[in-house]
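A.B. asks: Sequence plus predicted model, see below.
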Amino acid sequence: MSKVKIDYSLYLVTDRTLLGERDLAQGIESAIQGGVTLVQLREKSVSTKEFLQLAVRVKEITTRYRIPLIINDRLDIALAVDADGLHVGQDDLPMLKARELLGPNKIIGVSASTLAEALLAQQQGADYLGVGAVFNTSTKSDAKEVSLEKLELIKKSVSIPVVAIGGINITNIQQVMTTGIDGVSVVSAIFAQEDILMAAKQLRAVIKNQQKTDI
């Protein structure tokens, strides 16, 4: 089976702490209905059993809507639910080992904050890069800052898709998209909003308008 073709334009990374009493799976479904094109399940503070149960529920939703599901960091969960791919950071499972274990047909994304990290990830076979943080972000306290100029340089220096990450929201998304990147990764801009569906729709509208401008 060949790799699925991915639209990276509106890439949702989950964070249950932003939802309050709302259900994570329902939140993801609303975000997809609003225009999210890719979902990364990121759960840092739950047991393996709980993460697996959650991943099974989310995979059912993403499969129904034909939206790719990426698992953050946890190769075992990605394999257990047959997710579409895995995202690894610089301190996670090495890219080459992830590819060896996942096989050639799964998507693997790598976080990068420097041109050297980006070039190495591409050389090792990454399918896409998550580059940031382009703005201050409350969801990842250890993120290194990447200027828009550096983001644009990385995009021009690699041939694989580049997704910008870190503090992106409705007020700055257009500014980020002008660097020519393939998509934006958001957390709070969708999950911290009262109306998840509308928040996703608004972001999607800005992205579509910018894509028209770029043509």
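C.D. replies: Perfect, I can see it now. Everything numeric in this text was worked out from a predicted model, so none of it was measured.

A.B. asks: The lengthiest helix in the chain packs against which elements?
C.D. replies: Looking across the chain with DSSP state H, the single longest helix is helix 196-214. Counting contacts by 3 or more Cβ pairs under 8 Å, 6 or more residues apart in numbering; DSSP states H and E, helix 196-214 is packed against strand 10-13, helix 24-34, helix 173-177, strand 183-186, helix 188-191. For the C-beta atoms, the positions are set from N, CA and C on the backbone; glycine is no exception.

A.B. asks: Show me what counts as buried in the helix or strand of the chain with the lowest mean pLDDT.
C.D. replies: Across the helices and strands of the chain, mean confidence by mean pLDDT, DSSP states H and E is lowest for helix 196-214: a mean of 92. In terms of neighbour count (16 or more other Cβ atoms under 10 Å), helix 196-214 has its buried residues at Ile196, Leu197, Ala199, Ala200, Gln202, Leu203, Arg204, Val206, Ile207, Gln210.

A.B. asks: again, but for stretch 16-29
C.D. replies: By neighbour count on 16+ other Cβ under 10 Å, the buried set for stretch 16-29 is Arg16, Leu18, Leu19, Leu24, Gly27, Ile28, Glu29.

A.B. asks: From Lys5, how far out is the fourth one?
C.D. replies: The spacing between Leu24 and Lys5, counted by Cβ to Cβ, to the nearest Å, is 26 Å.

A.B. asks: now this protein, which segments are flagged as low pLDDT?
C.D. replies: Low-confidence segments of the chain, defined by pLDDT under 70: 1-4, 138-143, 215.

A.B. asks: which residues in it form strands?
C.D. replies: Applying DSSP state E to the chain gives strands spanning 10-13, 38-41, 69-72, 85-88, 107-112, 128-132, 162-165, 183-186.

A.B. asks: The longest helix of the chain vs helix 24-34, what angle?
C.D. replies: If you take axes from the mean of the first three to the mean of the last three Cα atoms, to 10 degrees, helix 196-214 sits at 40 degrees to helix 24-34.

A.B. asks: Can you tell me what sits against helix 196-214?
C.D. replies: 9-10, 12, 27, 30-36, 170, 173-174, 177-178, 180, 183-184, 186, 189-190, 193 (Cβ atoms under 8 Å, 6 or more residues apart in numbering).

A.B. asks: where does that helix sit relative to the chain's centre, distance-wise?
C.D. replies: Averaging C-alpha positions (Cα atoms, centre = their mean, to the nearest Å) puts helix 196-214 16 Å from its chain's average.

A.B. asks: repeat for stretch 49-61
C.D. replies: On Cα atoms, centre = their mean, the centre of stretch 49-61 falls 17 Å from that of its chain.

A.B. asks: So for that stretch, what gets flagged as buried?
C.D. replies: Phe51, Leu52, Leu54, Ala55, Arg57, Val58, Lys59, Ile61.
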